[in-house]
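Engineer: Make a model of this:
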Amino acid sequence: MNKISVTIIILVIAFLAVAGCSMLFSIVDTLNKNYYKYANPFGDIEKKFTPPGAYDVSYIEFKSDNPTYAKYEIWYPSEMGENRVKYPLVIMANGTGIKASKYKEVFEHLASWGLIVVGNEDKNSRTGASSAATLDYLLELNNDITSIFYEKIDTTNIGIGGHSQGGVGAVNAVTSQYNGKMYKAIFLASTTSPALANPNVLGADWCYDMSKISIPCFMVAGTGFFDAGNAIDKSITEGQGISPLWALNENYNSISDSVDKVMARLSNKDHGDLLRGADAYMTAWFMYYLRGDIDAEKIFFVENAEILNNENWQDIRANKSKIQNNIQ
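Structural biologist: Residues are numbered from 1 along each chain as shown. Below is the predicted model:
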């Protein structure tokens with residue numbers, strides 16, 4: 001075989017490899033954009049919140065003065081500019097190296113249920129500083145008479161969510177940042193466990209204190225190896241998952257029983273699946289606490305709550321505070 005023939009074969013193989021990768025990325029992108037169509041909801045209320053809601057969604061972004069955050073990305077009900085209605089706000093904290101734009105379809109879905117949803121491009125959200133800055137920026141828009149968000153944000157109904165490192169960031173935004181008292185509910189997906197998020201492993205700025213949580217908290221993780229690992233407690237030095245069952249239990253126990261709280265694991269799902277996989281119940285959580293959707297309460301707290309009988313979920317614990325909640 002001459003050199004020309006070998007070169008042609010190499011080029012053909014390279015072309016096929018590139019074409020194959022391009023096709024694979026295209027398929028993954030399509031699946032991600034339409035993730036809710038491929039979901040397998042089990043409960044009736046889970047089925048209700050799996051598809052998009054009734055609101056058309058618009059998107060706008062604003063450049064941040066802080067290059068770490070890069071920009072503020074906002075998904076909101078398109079009808080917002082046509083009425084005097086105020087809409088609840090949800091801030092989303094990013095996982096390690098993952099920008100808000102990576103999960104835009106999830107945030108669009110959440111906005112379709114009548115919420116303003118905002119993220120940024122911070123790849124290291126653990127301190128909660130970027131979430132605090134994002135909240136400040138939205139509140140400035142709410143007070144700016146020239147902004148489309150002028151007096152459109154319901155500042156009494158603000159939630160926050162986070163995935164992985166973003167779970168740490170969401171907790172710290174609520175408990176350690178100067179504007180943390182403004183949040184009314186929190187959602188945590190695969191929050192980095194205390195075995196990793198400590199000064200001796202990832203560093204002091206990863207630390208968080210769940211005992212300071214005083215707002216309704218819904219925490220989830222997956223049963224796959226990256227989340228669950230095989231360590232059974234904090235003392236074991238090998239086999240620690242990112243968000244294992246022992247860590248969920250420890251974090252749950254740290255929150256006072258005077259607070260509404262739920263923990264659950266998504267069966268047969270792993271770390272990267274959690275934001276999309278838990279999306280229906282995340283949406284329901286915010287809809288209950290920020291928009292007063294009574295249907296959503298039936299997932300978590302009533303007798304024979306849906307999540308308890310949902311084959312997609314396991315290791316469920318739930319506490320409804322005896323203190324009357326102000327659900328509007």
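Engineer: show me where the stretch 101-250 of the chain has helices.
Structural biologist: 104-111, 129-143, 165-175, 225-228, 245-254 (DSSP state H, counting those that start in this stretch).
Engineer: For residue 183, which of those is the nearest?
Structural biologist: With CB to CB as the measure, helix 165-175 is the member of those nearest residue 183 (5.1 Å). Backbone N, C-alpha and C define where each C-beta goes, glycine included.
Engineer: between the helices of the stretch 101-250 of the chain, which one is nearest to residue 290?
Structural biologist: helix 104-111 (10.6 Å).
Engineer: and the helices of the stretch 101-250 of the chain, which is most packed in?
Structural biologist: Mean neighbours per residue, mean count of other CB atoms under 10 Å, is largest over the helices of the stretch 101-250 of the chain for helix 165-175, with a mean of 29.
Engineer: Hmm, residue 116 is touching residue 149, no?
Structural biologist: Yes. At 7.5 Å, residue 116 and residue 149 qualify as touching, with contact defined as CB atoms under 8 Å.
Engineer: Now mean pLDDT and distance to residue 215 too, for the helices of the stretch 101-250 of the chain, in JSON lines please.
Structural biologist: Formatted as JSON lines, these follow (pLDDT from 0 to 100; distance: least, CB to CB, whole Å):
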{"stretch": "helix 104-111", "mean pLDDT": "95", "distance to residue 215": "18"}
{"stretch": "helix 129-143", "mean pLDDT": "98", "distance to residue 215": "14"}
{"stretch": "helix 165-175", "mean pLDDT": "97", "distance to residue 215": "7"}
{"stretch": "helix 225-228", "mean pLDDT": "95", "distance to residue 215": "24"}
{"stretch": "helix 245-254", "mean pLDDT": "97", "distance to residue 215": "14"}
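Engineer: now those as a markdown table including distance to residue 310?
Structural biologist: Output for the helices of the stretch 101-250 of the chain, formatted as a markdown table (distance: least, CB to CB, whole Å):
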| stretch | distance to residue 310 |
| --- | --- |
| helix 104-111 | 19 |
| helix 129-143 | 30 |
| helix 165-175 | 22 |
| helix 225-228 | 18 |
| helix 245-254 | 17 |
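Engineer: Give me the mean pLDDT for stretch 45-53.
Structural biologist: For stretch 45-53, mean pLDDT rounds to 96.
Engineer: same question, stretch 229-237
Structural biologist: On average, stretch 229-237 scores 87.
Engineer: Cross-check the contact I'm expecting between residue 162 and residue 191.
Structural biologist: Yes. Between residue 162 and residue 191 a contact is recorded at 7.3 Å, counting by CB under 8 Å.
Engineer: anything in contact with each of the two?
Structural biologist: Common neighbours of residue 162 and residue 191, using CB atoms under 8 Å, 6 or more residues apart in numbering, are 168, 170, 171.
Engineer: which residues of the stretch 101-250 of the chain fall in strands?
Structural biologist: Using DSSP state E, counting those that start in this stretch, the strands of the stretch 101-250 of the chain run over 116-120, 153-163, 185-189, 217-222.
Engineer: average model confidence for stretch 195-202?
Structural biologist: The average pLDDT within stretch 195-202 is 91.
Engineer: ends of that stretch, how far apart?
Structural biologist: Chord length of stretch 195-202, first to last residue, is 9 Å (CA to CA, to the nearest Å).
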